[in-house]
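Visitor: let's see this in three dimensions:
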Amino acid sequence: MLQNQRNANYSFLIIISLIVLPFNSLPYFNNILGELSYQATFYPLCIGVIIWCINTIFRKKIRVPKHNSFLILFVFLLWILISGIFNTIDIAQAFIKGRTGIERFLNQVILYLFLILTSLIIYESNRGDKINFFNKISLGLFLSFVVVGIYSIFEIIGIFFNESIRLTLYQISPYIHSFGHEAYFYIKRVRSVAGEASWLAIYFIFSFPWIIYFVMRNIKNYVINFFIIGYMFLIIYFTYSRTAYIIILIQILIYLYMLIKKGLLKLNYKNLIILVLAILIVILTSSSILEHFLENVLSLLDKDYSSNIARIGSQIAAIQMGLNNPIFGVGLGQYAFYVKQFMPLWALGNEEVSAWIDPYNDSIWAPVHSLFARLFAELGIIGLFLWLLLFIILVVDVCRKVLKMDDKNNIFIGVSLLTSIIGTLLIGFTHDSYRWFMYPFSIGFSWIYLYKK
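Guide: Below you'll find the model as predicted:
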């Protein structure tokens, strides 16, 4: 009975953490808690981790998933420590922008440990109540979208139509955003309650399959469903996040393919004609939207685009760093200390790159813009392999289970989970931090879905 109450408390904290998931740039406790402090999701999960650790000490027992992915997660942690030991001397001597190599290494290890503990709490407290749990998380993510959607209405009106609303949002922004209070109203990209427009896009990459699941399961009015889902994709469009467009398009294709394959979505000739007509109507009536969409996506191929120069330059620097240290890498969190040595010459004149490598500009820490490139640079080919293997195993096993199932609700849950995991993995092509809680959520949700009594 006591354990059931504890599990209910953990579940409550997990749902709260999902509701506040899009708040990922809070301006509080940043100097104390580091990059975790920016995410509202951290605070309820932190309470849960503390309670779980205390309970575990008294129980002297940890229930871990009997799945290969957990072993890989643990081996990955061991490899982080082995890489750190191999690079101990260099890490101890590293210093830039007021930060030491040891400080950076320890912060990143703590961040990864928090990822593991979060995944374990999700699994341990909900593995016996699978269907009910996924209904709860879809509710939590839908409520988070309600928050995003309401704020975005005013943001879109303020950006494009009404200056007084824009000024009001400008006054609110410092309470929920740690930077960019004024700039975002001039670059005309919707970020809602997230720190950047691309960060809002990351939230949607993870959450939109679950939002669709909740809407289709709980709201039976097709007009309302169309409005909610359409508005969600409209917000995604206004983020103008080029890589998010591509990732979400891939997810939608996977989502539709799996639903059709399992018979949950039947496209007869009549429905196909309606779908084609709907697409044509959207194209013909919204040519400017389509043009802007294509312009944003194709800009990824523009070698003279300043943002592309900075992103590609940082990724090439990371790859060169990895090739120079192919087995152990340079150590977790150490990329920024060596980026100047490996940055290609053609990128050094870029304004963003200059700020990243400036040792006196302590407000901007050098990003990699790709978790995969960062893993190769910091943990070598073995670290990159382990991370990819972790998610590939989850994707394959979830997919296998979906294909074997006959229950429609379980299939819908599995397809939503599969699409979300794949999107989360693909985020690694454009963002480089472990701090996104989509990672432990994806891992923990997968463990629950694959759990066998």
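Visitor: low-confidence ranges, this protein, go.
Guide: For the chain, the stretches with pLDDT under 70 are 1-4, 180-187, 265-306, 363, 453.
Visitor: can you map out the strands along it?
Guide: With DSSP state E, the ranges of strands along the chain come out as 95-96, 99-100.
Visitor: tell me the most buried of those strands?
Guide: Comparing those by mean neighbour count (mean count of other CB atoms under 10 Å), strand 95-96 ranks first with a mean of 17. In short, each C-beta sits where N, CA and C put it, glycine included.
Visitor: so who does residue 157 touch?
Guide: By CB atoms under 8 Å, 6 or more residues apart in numbering, the contact list for residue 157 reads residue 165.
Visitor: can you list the buried residues in stretch 407-425?
Guide: By neighbour count on 16 or more other CB atoms under 10 Å, the buried set for stretch 407-425 is 410-425.
Visitor: switch the strands of the chain over to JSON lines; also include distance to residue 318.
Guide: Formatted as JSON lines, the strands of the chain follow (distance: least, CB to CB, whole Å):
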{"stretch": "strand 95-96", "distance to residue 318": "16"}
{"stretch": "strand 99-100", "distance to residue 318": "18"}
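Visitor: among those strands, which comes closest to residue 139?
Guide: Checking these against residue 139 by CB to CB gives strand 99-100 as the closest, at 40.3 Å.
Visitor: ok, and what's touching that closest one?
Guide: With CB under 8 Å, 6+ apart, strand 99-100 has contacts from 94, 362, 365.
Visitor: most neighbours out of these, which is it?
Guide: When neighbours are counted by other CB atoms under 10 Å, residue 94 leads these with 22 neighbours.
Visitor: what's the closest non-adjacent residue to that residue?
Guide: residue 101 (2.9 Å; CB to CB, 6 or more residues apart in numbering).
Visitor: against residue 93, how distant is the one you found?
Guide: 7 Å (CB to CB, to the nearest Å).
Visitor: so if I had to pick from the two, which one is more boxed in?
Guide: Each of residue 101 and residue 93 has its neighbours counted (other CB under 10 Å); residue 101 has more, 24 against 11.
Visitor: OK, contacts around the more buried one?
Guide: Residues in contact with residue 101 (CB under 8 Å, 6+ apart) are 90, 91, 92, 93, 94, 95, 331, 333, 334, 337.
Visitor: also residue 402?
Guide: 258, 262, 411, 414, 415, 418.
Visitor: same thing but 6 Å
Guide: If you count contacts by CB atoms under 6 Å, 6 or more residues apart in numbering, residue 402 has them with 411, 414.
Visitor: list the contacts for residue 342?
Guide: By CB under 6 Å, 6+ apart, residue 342 lies in contact with 317, 320, 321.
Visitor: pretty sure residue 258 is touching residue 413, no?
Guide: No: Residue 258 is beyond contact range of residue 413, at 11.6 Å (criterion: CB atoms under 6 Å).
Visitor: residue 349: neighbouring residues, count only.
Guide: Using other CB under 10 Å, residue 349 is surrounded by 9 other residues.
Visitor: how far away is it from residue 321?
Guide: Separation of residue 349 from residue 321 (CB to CB) stands at 20 Å.
Visitor: and residue 93, by the same measure?
Guide: Applying CB to CB, the value for residue 93 to residue 321 is 17 Å.
Visitor: over to residue 149?
Guide: Taking CB to CB, one finds residue 149 at 41 Å from residue 321.
Visitor: neighbour count winner among the two?
Guide: A count of neighbours by other CB under 10 Å puts residue 321 above the other of residue 149 and residue 321, at 24 against 15.
Visitor: need the nearest residue in space to the more buried one, chain neighbours excluded.
Guide: With CB to CB, 6+ apart as the criterion, residue 321 has its nearest non-adjacent residue at 4.0 Å, and that residue is residue 377.
Visitor: check the gap between the one you found and residue 115 for me.
Guide: To residue 115, residue 377 is 19 Å away according to CB to CB.
Visitor: ditto for residue 355
Guide: 29 Å.
Visitor: between these two, which one's more packed in?
Guide: In this view residue 355 and residue 115 are compared by other CB under 10 Å, and residue 115 has more residues nearby, 21 against 13.
Visitor: isn't that one up against residue 441?
Guide: No: judged on CB under 6 Å, residue 115 makes no contact with residue 441 at a distance of 10.0 Å.
Visitor: re the thing from before, between the strands of the chain, which gets nearest to residue 29?
Guide: Between residue 29 and those, the shortest separation by CB to CB is 17.6 Å, and it involves strand 99-100.
Visitor: so how far is the closest one off the chain centroid?
Guide: Offset of strand 99-100 from its chain centre (CA atoms, centre = their mean, to the nearest Å): 26 Å.
Visitor: ok, that strand: who's next to it in the sheet?
Guide: strand 95-96 (antiparallel) (DSSP bridges).
Visitor: got the contact list for the partner strand?
Guide: Residues outside strand 95-96 that contact it (CB under 6 Å, 6+ apart) are 337, 359.
Visitor: 8 Å instead?
Guide: Residues from elsewhere that reach strand 95-96, judged by CB under 8 Å, 6+ apart: 101, 336, 337, 359.
Visitor: just those residues now: which is nearest residue 188?
Guide: The closest of the contacts of strand 95-96 to residue 188 turns out to be residue 336 (CB to CB; 30.9 Å).
Visitor: quick one: buried residues of the top helix by length along the chain?
Guide: If each helix of the chain is counted by residues according to DSSP state H, the longest one is helix 371-404. For helix 371-404, burial by neighbour count (16+ other CB under 10 Å) applies to 371-387, 390-391, 393-395, 397-399, 401-402.
Visitor: just stretch 100-113 next, same as before
Guide: The neighbour-count check on stretch 100-113 (16+ other CB under 10 Å) flags 101, 102, 104, 105, 107, 108, 109, 111, 112 as buried.
Visitor: which of those lies closest to residue 222?
Guide: Using CB to CB, the buried residues of stretch 100-113 come closest to residue 222 at residue 111, 43.1 Å.
Visitor: and for that closest one, nearest residue in space, chain neighbours not counted?
Guide: In space, residue 111 is closest to residue 434, 5.2 Å off (CB to CB, 6+ apart).
Visitor: where exactly do the helices run in the stretch 201-350 of the chain?
Guide: Residue ranges of the helices in the stretch 201-350 of the chain, as given by DSSP state H, counting those that start in this stretch, are 222-238, 242-261, 269-285, 287-298, 306-324, 335-342.
Visitor: got it, and the stretch 1-150 of the chain?
Guide: Using DSSP H, counting those that start in this stretch, the helices of the stretch 1-150 of the chain run over residues 2-19, 30-33, 42-59, 68-86, 88-93, 101-126, 130-160.
Visitor: buried stuff in the third one?
Guide: Right, the one you point to is helix 42-59. In helix 42-59, counting by 16+ other CB under 10 Å, buried: 42, 43, 44, 45, 46, 48, 49, 52, 56.
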